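Asks: What would the 3D arrangement of this be:
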Amino acid sequence: MPRAGAIAGPWLQLPIVLYIKSVEPQSVEPPAVSSKSGTAARPDFYRPLIRDAAERHALAPALVESVIRVESNFQPRAVSR
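Replies: Numbering: from 1, shown residues only. Next comes the predicted model:
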């Protein structure tokens, strides 16, 4: 017998399904020069690393690249504050 307040039933044995809508990323051109350091952003240099990390974590490479672009604009010495 379940204790008071416990939820019981055969439906608890069903698998949980999460549906995710596919969304295509918008095309965004990175700035040619970072305003913070004055050096050009080089996403091509990081693409193999981005692809490997995205595959390892089952993410879209475009998503990983977008986050890097927004957070540091591919500047290796960028610091989050």
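Asks: count of neighbours near the closest residue to Glu55 other than its chain neighbours?
Replies: Leaving aside its sequence neighbours, Glu55 sits nearest to Pro61 (Cβ to Cβ, 6 or more residues apart in numbering; 7.9 Å). Every residue, glycine included, has its C-beta placed from N, CA and C. By the criterion of other Cβ atoms under 10 Å, Pro61 has 14 neighbours.
Asks: ok, now which ones touch Pro61?
Replies: Arg47, Ile50, Arg51, Ala54, Glu55 (Cβ atoms under 8 Å, 6 or more residues apart in numbering).
Asks: Just the buried ones from the residues you listed, in PyMOL syntax?
Replies: Buried residues among those (16 or more other Cβ atoms under 10 Å), as a PyMOL selection:
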select buried, resi 50+54
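Asks: nearest to Asn73, of the contacts of Pro61?
Replies: Ile50 (14.0 Å; Cβ to Cβ).
Asks: Quickly find the element holding that closest one.
Replies: Ile50 is part of helix 43-56 when elements are defined by DSSP states H and E.
Asks: Val70 now?
Replies: helix 61-72.
Asks: Output that helix as PDB, nothing but the C-alphas.
Replies: Extracted C-alpha coordinates of helix 61-72, given in PDB (Å, rounded to 0.1, in the frame of the first residue of the first chain):
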ATOM      1  CA  PRO A  61      28.300  22.600 -34.100                       C
ATOM      2  CA  ALA A  62      26.500  25.800 -35.200                       C
ATOM      3  CA  LEU A  63      25.100  26.100 -31.600                       C
ATOM      4  CA  VAL A  64      28.600  25.800 -30.000                       C
ATOM      5  CA  GLU A  65      30.100  28.200 -32.500                       C
ATOM      6  CA  SER A  66      27.300  30.700 -31.800                       C
ATOM      7  CA  VAL A  67      27.800  30.600 -28.100                       C
ATOM      8  CA  ILE A  68      31.600  31.100 -28.500                       C
ATOM      9  CA  ARG A  69      30.900  34.100 -30.800                       C
ATOM     10  CA  VAL A  70      28.500  35.700 -28.300                       C
ATOM     11  CA  GLU A  71      30.600  35.000 -25.200                       C
ATOM     12  CA  SER A  72      34.100  35.800 -26.500                       C
END
